[in-house]
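Participant: Mind folding the following:
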Amino acid sequence: MTSYDSPRLVRADLGTSRGYAVLKRAVDAGAAAGVLLLGAPVWAWAAVRIKAEDGGPVLYRGTRIGLHGRPFGMLKFRSMVTDAGSLGGASTAADDPRLTRVGKLLRRWKIDELPQFVNVLRGEMSLVGPRPQVADDVARYSTDERRLLSVRPGITDWSSVLFRNEGEILAGHADPDLAYDELIRPRKIALGLRYVERRSLRTDVRILWLTVRVVLQPSAAEALIAREVPSDPRAV
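Facilitator: Numbers count the residues shown, from 1 in each chain. You can find the predicted model right below:
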């Protein structure tokens, strides 16, 4: 399989204590196991709804680039038509015709991300870390941006909080991929790099808390983001 690792890839984790890394992995594994066990009823409900709508597969497995450039299969509940890949690009707007009815509901409440706790349990992802990207996007990384590959990708991060409504931001654009590059990608990468540089248990807890708040209390999201997510990534 193709690897995006390189001798020039900066190992940012060398400056992070081994204790933090061990604790982070232990928390990841324990939390993932707990969520998968307690979330079983949600899994069952989602599976039934997805299958009933069009008879297609329940899960979507998309290739993403993970730690040290290793590809892995990121799992999600399928929220789009079965042949979505041949009908459009990688970016998904809220008004994308490829979205199924139940898929819109799953995305609204982030339920489509639940299977990624399996990736966390396997060690392919973490609870918190830069969101994993497709190979084509990683191929565009600059030398500095390749530092994003020095940590495990995560289910959530600063950009997940800031761009929680990514689909709505991209809605109405004739080319969602171009709109993503212009409106989201630069800030997402900047926030990801800052996480790599200053990650800590305190930061992880802060991001997890914000993620839960903006999902469960969307009315409070804007105020929370304005207060908690730095407008300048260099200040994170």
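Participant: use CA for all of it now, contacts and neighbours both
Facilitator: OK.
Participant: Kindly indicate whether the residue most central in space within the chain is helix, strand or coil.
Facilitator: The central residue of the chain, meaning the one whose C-alpha is nearest the mean C-alpha position (C-alpha atoms, centre = their mean), is residue 131 at 3.8 Å. Taken by DSSP: H, G, I helix; E, B strand; the rest coil, the conformation at residue 131 corresponds to coil.
Participant: That one contacts residue 158, correct?
Facilitator: No. With contact defined as C-alpha atoms under 8 Å, residue 131 and residue 158 do not form a contacting pair (9.5 Å).
Participant: Next one: residue 224 from residue 159, what distance?
Facilitator: As defined by C-alpha to C-alpha, to the nearest Å, residue 224 lies at a distance of 14 Å from residue 159.
Participant: That should have said residue 223, apologies.
Facilitator: Taken as C-alpha to C-alpha, the span from residue 223 to residue 159 is 16 Å.
Participant: neighbour-wise, which of those two wins?
Facilitator: More neighbours sit around residue 159 than around the other of residue 223 and residue 159, counting by other C-alpha atoms under 10 Å; the figures are 22 against 11.
Participant: Could you list the low-confidence segments of the protein?
Facilitator: Across the chain, the ranges flagged by pLDDT under 70 are 1-16, 230, 232-236.
Participant: Now do the helices in the chain.
Facilitator: When secondary structure is read from DSSP state H, the chain shows helices at 18-38, 40-54, 101-108, 116-122, 135-138, 158-162, 166-170, 176-183, 185-198, 201-216, 221-228.
Participant: what's the angle from the second one to helix 101-108?
Facilitator: Counting by axes from the mean of the first three to the mean of the last three C-alpha atoms, to 10 degrees, helix 40-54 points 140 degrees away from the direction of helix 101-108.
Participant: can you list contacts of helix 40-54?
Facilitator: 56-58, 77-79, 101-103, 106 (C-alpha atoms under 8 Å, 6 or more residues apart in numbering).
Participant: got those as a markdown table, with neighbour count and distance to residue 148 columns?
Facilitator: Conversion of the contacts of helix 40-54 to a markdown table gives the following (neighbours: other C-alpha atoms under 10 Å; distance: C-alpha to C-alpha, whole Å):
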| residue | neighbour count | distance to residue 148 |
| --- | --- | --- |
| 56 | 14 | 34 |
| 57 | 13 | 31 |
| 58 | 18 | 30 |
| 77 | 24 | 25 |
| 78 | 25 | 26 |
| 79 | 23 | 27 |
| 101 | 14 | 34 |
| 102 | 18 | 33 |
| 103 | 21 | 29 |
| 106 | 19 | 28 |
